[in-house]
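A.B. asks: Turn this into a model:
(one chain, ligands or ions: 1)
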Amino acid sequence: MPDPQMLKETRQAPEVVARQLRENASLTAKIAQAIAERRPPFAVTVARGSSDHACTVLKYAIETGLGLPVASLGPSVHTLYGAKLNLAGALVLAVSQSGASPDVVENVRMAREGGALTVALVNVEDSELAQAAEFTLPLRCGEEKAVAATKSFIASLTAFLPVLAQLEGDKSLNAALNQLPEYLAQTLELKAQAADLAERYRFADNLILLARGLNYGVAQEAALKLKETNGVHAEAYSAAEFSHGPKRLLVEGVPLLGFTSADAAWPATQQAYADLQGSRADLRTLGPAEGSTLRTPATGHPLTDPVCSALAFYLFAAHLALHKGLDPDQPPLLSKVTRTR
Ligand SMILES: N[C@@H]1[C@@H](O)[C@H](O)[C@@H](COP(=O)(O)O)O[C@@H]1O
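C.D. replies: As a prediction, the model looks like this:
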């Protein structure tokens, strides 16, 4: 069987990130300047699905880097309840591949009319979302055809990082970003190992994804991808939150896949994983930490490591579907662009 479109697009990640860095440089500088000048007291994100999970990663990146609180907007507050939130002066980040979902567009319009600094991270550059926001940061993925987002998620993780690097004066982040296409290419070489790991989950009906902090949004995205492309009931938990109740599921034999990291959250996460293993959990791991079952390249910066982890997970998810004889490009009931209000 030829490679599914999902895998083909996954393999474009290195060139997408390289292109984005190259073509967005002056735009990211302008956005960083606007943020520095207007000094927003807080930020909100507006997104659905995979894009919303990229926003979870961004939330941790912005909060740990800038100390700026970031909240996720519930779109229906405006679109269905008709409320106008007071977002004057706030930074509003909308993320969408298509830029077409009315709820995201309407919330960005409301925010801009109310005096927010609106930035849209969007792949389709002539979309309604791009027109609604004051600033557009194109994802530069090229057309994404597979229903399951892969390269657009990766591009959503990286698009705002040069802005953060400039605002924080973080030279090591710029260096890590410049190296990232190479690390993503190295990650793609893990294909056979990802396929081997996937083989072990072939008969799992349920899967819990664990992570902390910067990787939590990647775990959310992984859970969504397993539902979409594999029909597996998967949920993401903070490795801390899991102990507050869900841990009970270990007795039922539910398998776990934990994301590892090389950041300030790792010692506590590692301890949590060790405790779970002590409780006989069926736990395997993915990420840059030594000893991870699927070990991704260490990129040298906590904000770029999750990008490689997400890419490695996509290899895992696509191969899991192939092991099961499923076509990840034909998920039942789903279509590429979902329009909600
Ligand atoms: N990230 C937000 C969630 O935090 C929120 O709970 C949800 C609600 O959507 P709605 O209010 O439109 O039902 O929207 C997005 O996904």
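
A.B. asks: All the helices of the stretch 151-300 of the chain, in order from the start?
C.D. replies: 151-158, 161-168, 171-188, 191-200, 216-230, 266-278 (DSSP state H, counting those that start in this stretch).

A.B. asks: Highest mean neighbour count out of the ones you listed?
C.D. replies: helix 151-158 (a mean of 28; mean count of other C-beta atoms under 10 Å). Just so you know, the C-beta spots here come from the backbone N, C-alpha and C atoms, and that holds for glycine as well.

A.B. asks: Let's test this: mean pLDDT of it, rounded?
C.D. replies: Across helix 151-158, pLDDT averages out at 98.

A.B. asks: Tell me the confidence at the residue of the stretch 151-300 of the chain found nearest the ligand?
C.D. replies: Residue nearest to the ligand within the stretch 151-300 of the chain (C-beta to the nearest ligand atom): residue 220, separated by 9.8 Å. According to the prediction, residue 220 has pLDDT 98.

A.B. asks: What is the neighbour count of the nearest residue in space to residue 40 that is not next to it in sequence?
C.D. replies: Using C-beta to C-beta, 6 or more residues apart in numbering and skipping residues adjacent in sequence, the residue nearest residue 40 is residue 91, 4.0 Å away. Neighbours of residue 91 under the rule other C-beta atoms under 10 Å: 25.

A.B. asks: Would you mind measuring from residue 91 to the ligand?
C.D. replies: Residue 91 sits 16 Å away from the ligand, going by C-beta to the nearest ligand atom, to the nearest Å.

A.B. asks: My read is that residue 318 contacts residue 7, right?
C.D. replies: Yes - assessed by C-beta atoms under 8 Å, residue 318 is found in contact with residue 7 at 4.8 Å.

A.B. asks: The two: who's more crowded?
C.D. replies: Neighbour tally, residue 318 and residue 7, criterion other C-beta under 10 Å: the higher count belongs to residue 318, 31 against 22.

A.B. asks: Give me the secondary structure label for the more buried one.
C.D. replies: The three-state label given to residue 318 by DSSP: H, G, I helix; E, B strand; the rest coil is helix.

A.B. asks: Run the chain-centre distance for stretch 48-67.
C.D. replies: The chain centroid and the centroid of stretch 48-67 are separated by 8 Å under C-alpha atoms, centre = their mean, to the nearest Å.

A.B. asks: Only the buried residues of that stretch, if you could.
C.D. replies: For stretch 48-67, burial by neighbour count (16 or more other C-beta atoms under 10 Å) applies to 48-62, 64-66.

A.B. asks: now swap in stretch 107-117 and tell me
C.D. replies: In stretch 107-117, counting by 16+ other C-beta under 10 Å, buried: 107, 108, 109, 110, 111, 112, 114, 116, 117.

A.B. asks: confidence score at residue 1?
C.D. replies: pLDDT, residue 1: 65.

A.B. asks: outside of the strand or helix carrying residue 118, which residues touch it?
C.D. replies: Take DSSP states H and E as the rule and residue 118 turns out to sit in strand 117-122. The contact list for strand 117-122 (C-beta atoms under 8 Å, 6 or more residues apart in numbering) reads 31, 34-35, 38, 40, 51, 54, 89-99, 108, 111-112, 129-130, 132-139, 156, 159-160.

A.B. asks: which of those are buried?
C.D. replies: Judged by 16+ other C-beta under 10 Å, buried ones among those: 31, 34-35, 40, 51, 54, 90-99, 108, 111-112, 129-130, 132-133, 135-139, 156, 159-160.

A.B. asks: out of the residues you listed, which are inside strands?
C.D. replies: Among those, the members found in strands (DSSP state E) are 91, 92, 93, 94, 95, 96, 135, 136, 137, 138.

A.B. asks: May I have the beta-bridge partners of the second one?
C.D. replies: Right, the one you point to is residue 92. residue 44, residue 118 (DSSP bridges).

A.B. asks: Residue 308 and the ligand, how far apart?
C.D. replies: 24 Å.

A.B. asks: try residue 135
C.D. replies: 21 Å.

A.B. asks: for residue 84, same thing?
C.D. replies: For residue 84 relative to the ligand (C-beta to the nearest ligand atom), the value is 15 Å.

A.B. asks: picking up where we left off before, return the subset of the buried residues of stretch 48-67 lying in helices.
C.D. replies: Those of the buried residues of stretch 48-67 mapping onto helices are 49-62, 64-66, per DSSP state H.

A.B. asks: can you tell me which of those residues are up against the ligand?
C.D. replies: residue 52 (C-beta under 6 Å from any ligand atom).

A.B. asks: quick revisit: can you redo the buried residues of stretch 107-117 as TSV with distance to residue 234 and pLDDT?
C.D. replies: Shown next, in TSV, are the buried residues of stretch 107-117 (distance: C-beta to C-beta, whole Å; pLDDT from 0 to 100):
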residue	distance to residue 234	pLDDT
107	28	98
108	30	98
109	34	98
110	33	98
111	32	98
112	36	98
114	37	98
116	34	98
117	35	98
